[in-house]
Each structure stands twice: as C-alpha cells, then as structure tokens.
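>>> structure, please.
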Amino acid sequence: MKRDNLEVLISADKIQERIRELAAQISNDYRGRHVHLVGILKGSWVFLADLIRRLDLEVSVSFLGVASYGKGTKPSGEVKITLDLDDSIEGKDVLVVEDILDTGETFRYLQGVLGARQPRSLRSVVLLDKPARRNQPVHADYVGFTIPDAFVVGYGLDYAQKYRNLPDVCVLHPDQPK
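Numbers count the residues shown, from 1 in each chain. Below is the predicted model:
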C-alpha cells in the first residue's frame, strides 16, 4: 500500500499502551456491573476489538451504523443511522465506543438517539478527540488521545473506505505531491 501521503501521528505501540490504560480505568469504574458496549460503525470496530479483550468485566456488544462523512474529508452535516441495534439497551449500563470525536454533531445525535432508549447509564469512550473542530458542547467520558485538527486515517478510520487496515493513526495529506 502506498504511504506517500501519510504521516504517522500515533504509533501502533502507543495505541495499544493507551488501550490497556483505558481498559483498566473502565474495568475499575464498572466493577461488578455488566456493561453493554455499542460500537459505532464503521470506524470503531478495530478499537472496540482491542478494548474488549482487555476489559475485566462481564460485557455484551452490539453495533450501530452511523454515517456523516460520505466520501470526503469534511462532515456532510447530515447524520443518519445505517444499521440499528439488534437488541434493546433499556435498563443497561451502556458504553458507546467511537473512533473519533470531531465536530460533535454525530456524538450529540448519538446521545439523543441512545438516551431516548432509556439505558440505566450512558457513557462513552473515544480513541481520538479533536476539540479544535468542536461545534457542539459534548465530551467523551474516556479519551484515548487528544489530537490536532488534521484528517486522520488508520486503525479503523478511513478516507473513502481506504486505510482502515493501517496499524497506526496517520495524518492524510491528500494534496501533497506523490
């Protein structure tokens, strides 16, 4: 795979180290409780897979497909559910697992949609937080890394369905000469 336009922002080793720390914190905070993880597709599945293996908790998992970017590098402004949950979250301790918190539009939308389904608790963990782009007053309960305002790919994140399989989080420079 060509990597000419990519710059490593967070190495695979640093990602794994931070996931171990997040898992320990989440396991401590939810000790003795069953936690239902809701992975937001498509970007979160790699992060969720690594996180769940390190949680010392009784867990269950479901996925919610949400789209807001399309094929560009800018949010479309429209958030839509592309795949709904296959089971109820009513009365459950729900932890939303998301790849990136950017403008906050998708995150705010998810809080409303999932909150209306009456979970016992609703918290969130994000691998990446990009506060410079925030236009909604939202925050994640657990954050892997705070990053600058750059378009990132890898470790589940994509650009037009490419780069999800990279082990690192990389900045994509699409206009850079090859």
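>>> strands along the chain, start to end?
6-10, 34-41, 58-67, 80-83, 93-101, 121-129, 142-146, 152-153, 169-172 (DSSP state E).
>>> can you convert these into TSV and add a column each for mean neighbour count and mean pLDDT?
All C-beta atoms are positioned from the backbone trio N, CA, C, and that covers glycine. Listed next are those as TSV, based on neighbours: other C-beta atoms under 10 Å; pLDDT from 0 to 100:
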stretch	mean neighbour count	mean pLDDT
strand 6-10	17	96
strand 34-41	21	96
strand 58-67	16	93
strand 80-83	12	84
strand 93-101	24	96
strand 121-129	22	97
strand 142-146	18	98
strand 152-153	24	95
strand 169-172	22	96
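>>> make JSON lines out of those strands and add distance to E17.
Below are these laid out as JSON lines (distance: least, C-beta to C-beta, whole Å):
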{"stretch": "strand 6-10", "distance to E17": "10"}
{"stretch": "strand 34-41", "distance to E17": "21"}
{"stretch": "strand 58-67", "distance to E17": "21"}
{"stretch": "strand 80-83", "distance to E17": "31"}
{"stretch": "strand 93-101", "distance to E17": "18"}
{"stretch": "strand 121-129", "distance to E17": "13"}
{"stretch": "strand 142-146", "distance to E17": "10"}
{"stretch": "strand 152-153", "distance to E17": "18"}
{"stretch": "strand 169-172", "distance to E17": "13"}
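>>> what about these, which gets the closest to Q161?
strand 152-153 (10.5 Å; C-beta to C-beta).
>>> partners of that closest one, with directions?
Sheet pairing of strand 152-153 (DSSP bridges) gives strand 169-172 (antiparallel).
>>> got a list of contacts for the strand it pairs with?
Residues from elsewhere that reach strand 169-172 (C-beta atoms under 8 Å, 6 or more residues apart in numbering): 3, 5-10, 15, 73, 127-128, 145, 147, 150-155, 157, 159, 163.
>>> just give me how far it sits from the chain centre.
15 Å (C-alpha atoms, centre = their mean, to the nearest Å).
>>> can you check stretch 25-37 too?
Remark: stretch 25-37 is offset 18 Å from the chain centroid, using C-alpha atoms, centre = their mean.
>>> how about the strands of the chain, which one is nearest Q136?
strand 93-101 (9.7 Å).
>>> thinking again about what came up before, the strands of the chain: which one's closest to I19?
Short answer: strand 142-146, nearest of the strands of the chain by C-beta to C-beta, at 7.0 Å.
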